[in-house]
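Student: coordinates only, sequence not included:
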């Protein structure tokens with residue numbers, strides 16, 4: 001499940017963070033060694049999500065996760081998109097093909113660049129978001145969502161935390177294949 005052992009993890013922490021699906025996610029087991037960091041992550045991520053439309057947040061997050069080759073985060077956020085906004089086939093296509101909607105395309109392009117080349121972002125990149133109808137605050141939200149995803153995705157990959165086997169049951173096989181962009185389940 002991971003390169004690190006959290007065998008002495010507090011069972012109360014694990015139970016308190018049990019997924020709605022009934023299992024304890026692998027990422028919870030990893031963060032069990034540092035519950036205060038996990039609580040801080042949840043607070044930060046919650047604050048970012050609170051200022052964004054859920055669909056836009058999930059698109060930005062998926063774009064950053066796939067750019068980072070984080071299977072865990074790609075699967076988790078691809079699942080949200082498939083359950084709420086797109087078909088499974090449409091979500092699978094988002095991994096390799098730019099969306100046809102100009103706002104979605106601008107958001108995902110910007111989020112990918114934040115994840116991989118934030119030091120190379122220019123005013124022109126932000127202007128592309130504005131041309132698609134986003135405000136300065138919207139651009140900040142996309143940057144925050146993508147940058148926060150970098151922390152979480154890189155922590156999971158650096159510790160060898162693999163995606164939960166439950167994704168095989170939760171998602172169609174074609175979506176699992178498309179969203180497994182790095183570590184295998």
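Tutor: Yep, that arrived. Values in this document were obtained by computation on a predicted structure and should not be read as measured data.
Student: use CA for all of it now, contacts and neighbours both
Tutor: Noted.
Student: Surely residue 88 touches residue 177?
Tutor: No - under the criterion of Cα atoms under 8 Å, residue 88 is not in contact with residue 177, lying 11.3 Å apart.
Student: who's more crowded, these two?
Tutor: residue 88 (21 against 15; other Cα atoms under 10 Å).
Student: who's in contact with the more buried one?
Tutor: Residue 88 makes contacts with 82, 172, 175, as judged by Cα atoms under 8 Å, 6 or more residues apart in numbering.
Student: Quick one: which of the residues you listed is the most crowded by neighbours?
Tutor: Result: residue 175 is most packed of the contacts of residue 88 (other Cα under 10 Å), 24 neighbours.
Student: On the three-state scheme, that residue is what?
Tutor: helix (DSSP: H, G, I helix; E, B strand; the rest coil).
Student: Specify which member of the contacts of residue 88 is nearest to residue 57.
Tutor: residue 82 (13.8 Å; Cα to Cα).
Student: show me the residues around the closest one that make contact.
Tutor: So residue 82 contacts 88, 90, 91 (Cα under 8 Å, 6+ apart).
Student: could you say which helix or strand contains it?
Tutor: helix 71-84 (DSSP states H and E).
Student: ok, and for that helix, which residues are buried?
Tutor: Within helix 71-84, the residues scored as buried using 16 or more other Cα atoms under 10 Å are 71, 72, 73, 74, 75, 76, 77, 78, 79, 80, 81, 82.
Student: Now distance to residue 27 and pLDDT too, for the residues you listed, in a markdown table please.
Tutor: Formatted as a markdown table, these follow (distance: Cα to Cα, whole Å; pLDDT from 0 to 100):
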| residue | distance to residue 27 | pLDDT |
| --- | --- | --- |
| 71 | 12 | 98 |
| 72 | 9 | 98 |
| 73 | 10 | 98 |
| 74 | 14 | 98 |
| 75 | 13 | 98 |
| 76 | 11 | 97 |
| 77 | 14 | 98 |
| 78 | 17 | 98 |
| 79 | 16 | 98 |
| 80 | 17 | 98 |
| 81 | 20 | 98 |
| 82 | 21 | 98 |
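Student: could you say what helices and strands the top helix by length along the chain packs with?
Tutor: As assigned by DSSP state H, the longest helix anywhere in the chain is helix 136-158. For helix 136-158, the packing partners by 3 or more Cα pairs under 8 Å, 6 or more residues apart in numbering; DSSP states H and E come out as helix 35-50, helix 54-67, helix 71-84, helix 102-117, helix 123-131.
Student: if you compare these, which one is most tucked away?
Tutor: Neighbour counts (mean count of other Cα atoms under 10 Å) averaged over each of those peak at helix 54-67, with a mean of 26.
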